[in-house]
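Novice: With the sequence up front, the predicted model follows.
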Amino acid sequence: QVQLVESGGGLVQAGGSLRLSCAASGRTFSWYAMGWFRQTPGKEREFVGGINWSGGSRNYANSVKGRFTISRDNAKNTVYLQMNSLKPEDTAVYYCAAVWSQSMRVPTPEEYGYWGQGTQVTVSS
């Protein structure tokens with residue numbers, strides 16, 4: 001089982017940037033594909049983006065494409081979400097997630113089975 005801890009959330013003005021980190025422990029990090037999701041009160045959790053075990057494949061939700069970038073450092077057991085050109089509608093609790101996968105493809109949102117506790121991102125207008 002893998003444990004995930006997010007950090008890096010906070011308050012930022014519209015147009016600003018934040019970088020979220022997700023530190024993994026408990027299992028070999030490079031065995032897992034990683035994803036980022038977000039959720040606001042009263043809404044379903046939304047897929048933000050994912051990255052395969054090697055970092056060679058990534059995909060993003062249309063709402064963040066071109067503004068957010070997912071990366072990973074397998075030596076540091078960490079996945080990152082760089083968020084640029086933030087908008088008030090990006091305000092949410094952001095969660096990282098993991099699924100065991102050695103595939104070159106990025107898993108579908110339904111496949112992720114391990115979750116962090118979330119970190120709040122608030123974008124002011």
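Specialist: Structure received.
Novice: what secondary structure does Ser30 sit in?
Specialist: At Ser30 the chain is in helix, as set by DSSP: H, G, I helix; E, B strand; the rest coil.
Novice: That one: what's it in contact with?
Specialist: Residues near Ser30 by CB atoms under 8 Å, 6 or more residues apart in numbering: 53-54, 74. (C-beta placed from N, C-alpha, C; glycine too.)
Novice: Could I get the full set of strands for the chain?
Specialist: 3-7, 10-13, 18-25, 32-39, 46-51, 58-60, 68-73, 78-83, 92-100, 114-115, 119-124 (DSSP state E).
Novice: just those: most buried one?
Specialist: Using mean count of other CB atoms under 10 Å, the stretch among the strands of the chain with the greatest mean number of neighbours is strand 32-39 (a mean of 25).
Novice: Dump the strands of the chain into TSV; add mean pLDDT as well.
Specialist: Below are those laid out as TSV (pLDDT from 0 to 100):
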stretch	mean pLDDT
strand 3-7	97
strand 10-13	98
strand 18-25	97
strand 32-39	98
strand 46-51	98
strand 58-60	97
strand 68-73	98
strand 78-83	98
strand 92-100	97
strand 114-115	98
strand 119-124	98
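Novice: looking at those, which is closest to Thr108?
Specialist: Of all these, strand 46-51 sits nearest to Thr108, with 8.6 Å by CB to CB.
Novice: so what does the closest one touch, helix or strand wise?
Specialist: Under the contact definition 3 or more CB pairs under 8 Å, 6 or more residues apart in numbering; DSSP states H and E, strand 46-51 sits against strand 32-39, strand 58-60, strand 68-73, strand 78-83.
Novice: sorry, back to before: and which of the contacts of Ser30 is nearest to Gly35?
Specialist: Nearest to Gly35 among these is Trp53, at 11.9 Å by CB to CB.
Novice: contacting residues around the closest one?
Specialist: Contacts were defined as CB under 8 Å, 6+ apart; by that measure Trp53 touches 30-33, 101-103.
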